[in-house]
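Peer 1: sequence unavailable; structure follows:
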């Protein structure tokens, strides 16, 4: 089979590509080709047992998506997006990439016609929800995003459902919770501290905690995120039904519980590297975020996340640190 | 003040124009000009106490909306749409008019910048909801439309909320229930029979009922629809808050109860003009529609509909038939 990935150079895209290269198969079928696309040249995984082609271009320009879709890939992963902060600051760019780009892609598939009906897996986000919300948020709660990014994701979800309903392709949208522990360097994203307070202490560095320990949030590891994508690519569409967009499960914990899990897994000396430095600006942003989800539909459909934050800490140690850490 | 109406030649547009011409004012301010736009030349109301300009063009062509918005109207009513049956049959046309057209209009306002921030009243539809749903549907129920029309309306709602949040204009979206009794001739809307079975018998004609009598649906009269629009044009946006799209109240009745109200108001001889002729195409579309709403937010904000279907029948007899009917 032939797999096409938009947004292959991002963190989740790289992890997905590595997993596909390791498995060599998807849903019981041998992978023969993968096309990795992003606005910057994606890296081909070093030892893929299939042909890999990398393409760098702007997929939100008319005609670009057509070129890649013309090869009729069996599964298309659409992970490409301008992130929330940038989409909020650059209105035009956010709508161009996150809305127009998605529509170009969907229309490229539609216009092939001819019975071509690939599975398209689209990564949406919990940013489609906007405060105030119930805790937990049920599967049938309305989408009232409070960012342009969340709006663009919600619109893409609606398009995906309608195109799927019309038989133009076979789409599944998955709303990812916050991915934790994010590998790499600390960034200035308001949500960065959720990962920083785990990753940095394990690497021997100090981390700053800008909010109080009772802040509650939902997390899934990068490994789980890839698991969601693989499951979404192979699940029986008839079982999903016409509501094609699903909130993914995750581990809902307080920051205090995150720290407790770190202590349990890695010890007190690691936890001591977390420095409390309350930041009212960050605290205010985080107060507007969702806490927990009742992801019943996704769980029933077999999407699996970790069941404790201990597991998330261990997944990071195994996948990123070769099984050990700075004691 | 200057008022611009897109979709002014449609039924609701004409009723709105007549009401504005009668009132001469909107929200306590004198109306000095009205621009009536549609794809066909709208009729100017015969005795408007203000200047009326009529324009016929395709507003979903780049640059068209700009021309009208350049005059900086204070209030813009956006009622223009391809109806549900046609949008379902002609995918491209539906998306072009109902999505691209809306976006051209919203962007035309946005690109003026310069502090220009008109109230935009957008008519959405209960078609944004898709079965299965609770009955009644609460204000916070998710939008999972089962038609392309409903999808296009839901997307327009999301855009309206985001553009309003960003301060680009001051939008209010109102989800109209089915308008009943629609005057005039049947159009291509799949919902046409809800009005036909009242209007045609009262006019002495036979009407076809394509669904069973237990089909339940929510209705508001054209008079109420115009009332919703006027209220939406003048309501304090701060009271509405960031969730700018509202399900309007209406009268939830079965087709059987509609017929019973017709019998009560106009007598058995009129009711006998309804002929049962099941149509699976219509029945299937209607089965995906909502039945009742718990329109708490709209009611709390002062939007008012009829309280019984008898009132709706009487409103039609008063407003369209000069107080009498064919016995």
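Peer 2: Now that the structure is in, tell me what you want to look at. Everything numeric here is computed off the predicted structure, so don't read it as measured data.
Peer 1: pretty sure residue A:326 contacts residue A:203?
Peer 2: Yes. With contact defined as Cβ atoms under 8 Å, residue A:326 reaches residue A:203; the gap is 6.0 Å. In short, each C-beta sits where N, CA and C put it, glycine included.
Peer 1: spit out the contact partners of residue A:194.
Peer 2: A:178, A:180, A:217, A:219, A:255, A:258 (Cβ atoms under 8 Å, 6 or more residues apart in numbering or on different chains).
Peer 1: typo on my end, residue A:199
Peer 2: Residues near residue A:199 by Cβ under 8 Å, 6+ apart: A:181-183, A:186, A:207, A:316, A:320.
Peer 1: secondary structure element for it?
Peer 2: Using DSSP states H and E, residue A:199 sits in helix A:192-202.
Peer 1: how's chain A carved up into domains?
Peer 2: Following automatic domain parsing, chain A resolves into domains at A:2-177+A:221-247, A:192-218+A:250-292+A:305-320.
Peer 1: just the pLDDT for residue A:7.
Peer 2: Residue A:7 carries a pLDDT value of 97.
Peer 1: ignore what I typed, I meant residue A:16.
Peer 2: In this model, residue A:16 is scored at 98, pLDDT.
Peer 1: go ahead and confirm it touches residue A:229.
Peer 2: Yes. In this structure, residue A:16 is within contact of residue A:229 by Cβ under 8 Å, at 5.5 Å.
Peer 1: between those two, who's got more neighbours?
Peer 2: More crowded of residue A:16 and residue A:229, by other Cβ atoms under 10 Å in any protein chain shown: residue A:16, with 29 against 25.
Peer 1: how about that one, what does it touch?
Peer 2: The contact partners of residue A:16, taken as Cβ under 8 Å, 6+ apart, are A:5, A:8, A:77, A:79, A:226, A:229-230.
Peer 1: what of residue A:284?
Peer 2: Contact partners of residue A:284, counting by Cβ under 8 Å, 6+ apart, are absent.
Peer 1: in helices, which of the contacts of residue A:16 fall?
Peer 2: Judged by DSSP state H, those include A:226, A:229-230 as members of helices.
Peer 1: tell me the SS of residue A:263?
Peer 2: helix (DSSP: H, G, I helix; E, B strand; the rest coil).
Peer 1: next secondary structure after the helix of greatest length in chain A?
Peer 2: Longest helix in chain A, counting residues (DSSP H): helix A:148-165. Next in sequence after helix A:148-165, counting helices and strands by DSSP H and E, comes strand A:170-176.
Peer 1: note down every partner strand of the helix or strand that comes right after that next one and its orientation.
Peer 2: Moving toward the C-terminus from strand A:170-176, the next helix or strand (DSSP H and E) is strand A:178-179. In the sheet, strand A:178-179 lines up against strand A:216-220 (parallel) (DSSP bridges).
Peer 1: would you mind pulling the contact partners of the strand it pairs with?
Peer 2: Residues from elsewhere that reach strand A:216-220 (Cβ under 8 Å, 6+ apart): A:126, A:176-180, A:194, A:228, A:248-255, A:286, A:289-293, A:305-306, A:309, A:312.
Peer 1: which of those fall within strands?
Peer 2: Judged by DSSP state E, strands contain the following of the contacts of strand A:216-220: A:176, A:178-179, A:251-254.
Peer 1: between these, which is nearest chain B?
Peer 2: Closest approach to chain B among these (Cβ to the nearest Cβ): residue A:176, at 17.8 Å.
Peer 1: residue A:133: neighbour count?
Peer 2: Per other Cβ under 10 Å, the neighbour tally for residue A:133 reads 19.
Peer 1: now do residue A:240
Peer 2: Using other Cβ under 10 Å, residue A:240 has 19 other residues around it.
Peer 1: residues in the stretch 201-327 of chain A within reach of chain B, list them.
Peer 2: Residues of the stretch 201-327 of chain A that fall close to chain B, judged by Cβ under 8 Å from any Cβ of the partner chain: A:242-243.
Peer 1: residue in the stretch 201-327 of chain A nearest to chain B?
Peer 2: Nearest to chain B, among the residues of the stretch 201-327 of chain A, is residue A:243, at 5.2 Å (Cβ to the nearest Cβ).
Peer 1: burial count for the closest residue to that residue other than its chain neighbours?
Peer 2: Closest residue to residue A:243 apart from its sequence neighbours, by Cβ to Cβ, 6 or more residues apart in numbering or on different chains: residue B:144 at 5.2 Å. Residue B:144 has 24 neighbours, counted by other Cβ under 10 Å.
Peer 1: again, but for residue A:218
Peer 2: Quick note: residue A:218 (other Cβ under 10 Å) scores 24 neighbours.
Peer 1: kindly report the same for the one 10 residues further on.
Peer 2: Close neighbours of residue A:228, defined as other Cβ under 10 Å, add up to 26.
Peer 1: shared neighbours of residue A:16 and residue A:229, anything?
Peer 2: Common contacts of residue A:16 and residue A:229 (Cβ under 8 Å, 6+ apart): A:77, A:79.
Peer 1: and the gap between the nearest residue in space to residue A:27 that is not next to it in sequence and residue A:29?
Peer 2: If the residues on either side of it in the chain are set aside, residue A:27 comes closest to residue A:234, at 3.4 Å by Cβ to Cβ, 6+ apart. Applying Cβ to Cβ, to the nearest Å, the value for residue A:234 to residue A:29 is 9 Å.
Peer 1: neighbour count for those two, which is higher?
Peer 2: More crowded of residue A:234 and residue A:29, by other Cβ under 10 Å: residue A:234, with 16 against 11.
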